[in-house]
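Colleague: Here is a sequence together with a model predicted from it:
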Amino acid sequence: MILVNATKKVTLSDRCHFANTVLKRMVGLLSRSKFEPGEGLLFDRCYGIHTIGMRFAIDVLFLDKDYRVIRAVHSLPPFRTCTVRKAIYVLELPAGTIQQTGTEIGDQVQIRTTLRPEPVMSVLPTAEPAAL
């Protein structure tokens, strides 16, 4: 999945995974040693997360039923919890993504399967081209 901040016209995640099973929700990012730029993890029917046992900080966006940002948490460190009772979705992103994309409360997030032809700025780092 691709998640885009439609308000700012920037890509939040071009490799977002959907935590749609009990196992995926329980494990989340706990089994990971790092979270690469461009990755994301979206939880549905969720209003709280924890970083207990994680090895890195993450950015967290709490979204309402219409995928509108109702809270943005910058660089939540390991061994913390965070809840927003009115949230329906939680999007976990690599630390720094919220600042890089200028995402803030009230922004509209959209889920896409491909990038649309309309201009969407990518602020995600790109890989260096291979030497010939």
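Modeller: In hand now; what should we look at?
Colleague: quick one, strands of the protein?
Modeller: Secondary structure of the chain (DSSP state E): strands at 2-5, 10-13, 15-19, 39-44, 48-50, 58-63, 69-76, 81-83, 89-94, 109-112.
Colleague: what residues does the longest one touch?
Modeller: So the one you mean is strand 69-76. Contact with strand 69-76 is made by 51, 57-64, 82, 84, 86-87, 95-96, 98-99, 103-109, as judged by C-beta atoms under 8 Å, 6 or more residues apart in numbering. C-beta: built from backbone N, CA, C; applies to glycine.
Colleague: quick one: low-confidence ranges for this structure?
Modeller: 21-32, 115-132 (pLDDT under 70).
Colleague: quick revisit: just the buried ones from the contacts of strand 69-76?
Modeller: Burial by neighbour count, 16 or more other C-beta atoms under 10 Å: within the contacts of strand 69-76 this picks out 51, 57-63, 82, 84, 87, 95, 98, 103, 107, 109.
Colleague: Report the two of these separated the most.
Modeller: Thr51 and Asp107 (22.9 Å; C-beta to C-beta).
Colleague: For beta bridges, what are the partners of the residue nearest to Thr97 when sequence neighbours are not counted?
Modeller: Leaving aside its sequence neighbours, Thr97 sits nearest to Asp59 (C-beta to C-beta, 6 or more residues apart in numbering; 4.9 Å). In this entry, Asp59 is beta-bridged to Leu93, by DSSP bridges.
Colleague: Many thanks, have a good one.
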